[in-house]
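Enquirer: Sequence and predicted structure below; questions after.
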Amino acid sequence: MPAHLTVPGSPRSPVVLHVPHGARHVPDAVRAGIVLDNAELVAELDRMTDTDTGLIARRAAQATTSGPWIFENRASRLVVDPERFPDEREEMRAVGMGAVYTRTSQGTPLRHPDPEQEQALLDEYFTPYADAIAELVDDRLTTTGRAVILDVHSYPSKPLPYELHTDGTRPSVCIGTDVFHTPDWLLDAARTAFEPCGDVALNTPFAGCYVPLRHYGTNASVVAVMIEIRRDTYLTEPAGPPTPRLGNVAAALARLVDRIDSRLSLTEHS
């Protein structure tokens with residue numbers, strides 16, 4: 001199975017739906033280095049997988065008039081987490097959850113710390129993933145003049161022990177932003193699109209959004225926002241099955257995509 005999948009959209013669309021944490025697949029060679037037994041691993045996957053976010057992205061893409069692209073991680077974040085910084089910039093390293101996790105969501109050992117093994121996982125999974133999504137963003141920039149990354153996530157209704165910031169609210173929808181890469185118009189569009197799904201808050205309990213490192217902090221033509229859906233708004237926690245309200249979330253994401261494409265199309269013709 002490829003570690004990541006690109007689903008082409010309209011050649012004219014700058015929008016990329018990024019789904020980094022929706023998969024449960026752990027290759028056998030990686031599984032051998034994880035110290036959990038099978039039942040413990042299943043429970044950890046239930047807690048840490050953004051279940052059905054890929055389904056939300058696909059349903060949203062089908063419902064749009066503009067046809068966004070989808071970039072989806074096919075491997076579990078327990079293999080590597082493609083959204084973490086792969087170095088000391090990553091604050092989650094403090095709890096053993098940098099790009100390569102050594103601790104679980106409960107704070108227990110996931111794999112034994114091994115710098116050589118960590119580098120091997122980065123080389124085999126993290127770097128090819130980063131290169132592939134950066135190339136997709138480059139293609140959207142070349143073709144349309146801009147790229148818009150919508151980071152599609154979910155999170156549990158109750159905090160997990162690994163979370164560093166648990167003093168804020170846990171809204172139905174959390175919108176994560178970046179000072180450089182999230183313009184006001186994109187934030188406003190996201191808020192408006194998701195208001196029918198419940199209360200919407202900014203950067204709580206999670207903050208930030210994903211931009212490929214080759215563009216991060218330097219290319220203002222790459223804009224991004226993170227959409228974090230509280231899981232009890234669309235599935236039965238911890239990991240499914242989905243409820244009928246999943247359709248509401250997909251419809252909201254589709255509205256956001258169409259608002260973005262409409263705005264950018266109007267900008268081009270103004």
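Expert: Structure received. Numbering: from 1, shown residues only.
Enquirer: quick one: low-confidence ranges for the chain?
Expert: Residues of the chain meeting the criterion pLDDT under 70: 1, 266-270.
Enquirer: Can you show me the helices along it?
Expert: 28-31, 38-48, 53-63, 115-121, 127-144, 184-194, 246-269 (DSSP state H).
Enquirer: list the buried ones in stretch 51-63?
Expert: By neighbour count on 16 or more other C-beta atoms under 10 Å, the buried set for stretch 51-63 is 51-61. Yep, even glycine has a C-beta here, placed from its N, CA and C like the rest.
Enquirer: Closest to G145 out of the residues you listed?
Expert: Taking C-beta to C-beta as the measure, A61 is the one of the buried residues of stretch 51-63 closest to G145, at 21.2 Å.
Enquirer: The closest one: what's it in contact with?
Expert: 7, 9, 17, 67-68, 70, 254, 257 (C-beta atoms under 8 Å, 6 or more residues apart in numbering).
Enquirer: of those residues, buried ones?
Expert: Listed as buried from the contacts of A61 are 9, 17, 67-68, 70, 254, 257; burial here means 16+ other C-beta under 10 Å.
Enquirer: Narrow those residues to those in strands?
Expert: Among the buried ones among the contacts of A61, the ones falling in strands (DSSP state E) are 17, 70.
Enquirer: for the buried ones among the contacts of A61, which one is nearest E90?
Expert: Nearest to E90 among the buried ones among the contacts of A61 is L17, at 23.8 Å by C-beta to C-beta.
Enquirer: Leaving aside the residues adjacent along the chain, what's closest to that closest one?
Expert: Among residues not flanking L17 along the chain, A57 sits closest, at 4.3 Å (C-beta to C-beta, 6 or more residues apart in numbering).
Enquirer: if I pick the one you found, what's in contact with it?
Expert: Applying C-beta under 8 Å, 6+ apart to A57 gives the contacts 17, 19, 70, 72, 152, 253.
Enquirer: coming back round to it: kindly reformat the buried ones among the contacts of A61 as TSV containing distance to V30.
Expert: Output for those, formatted as TSV (distance: C-beta to C-beta, whole Å):
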residue	distance to V30
G9	30
L17	26
G67	34
P68	30
I70	24
A254	34
V257	33
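Enquirer: Excluding chain neighbours, what is closest to F85?
Expert: In space, F85 comes closest to A99 once its chain neighbours are excluded; the distance is 7.0 Å by C-beta to C-beta, 6+ apart.
Enquirer: ok, the one you found - contacts?
Expert: Each residue near A99 by C-beta under 8 Å, 6+ apart is listed here: 80-82, 84-86, 90, 122, 126.
Enquirer: Show residues contacting stretch 101-119.
Expert: By C-beta under 8 Å, 6+ apart, the surrounding residues in contact with stretch 101-119 are 33-36, 44, 47-48, 77-78, 81, 95-97, 100, 160-162.
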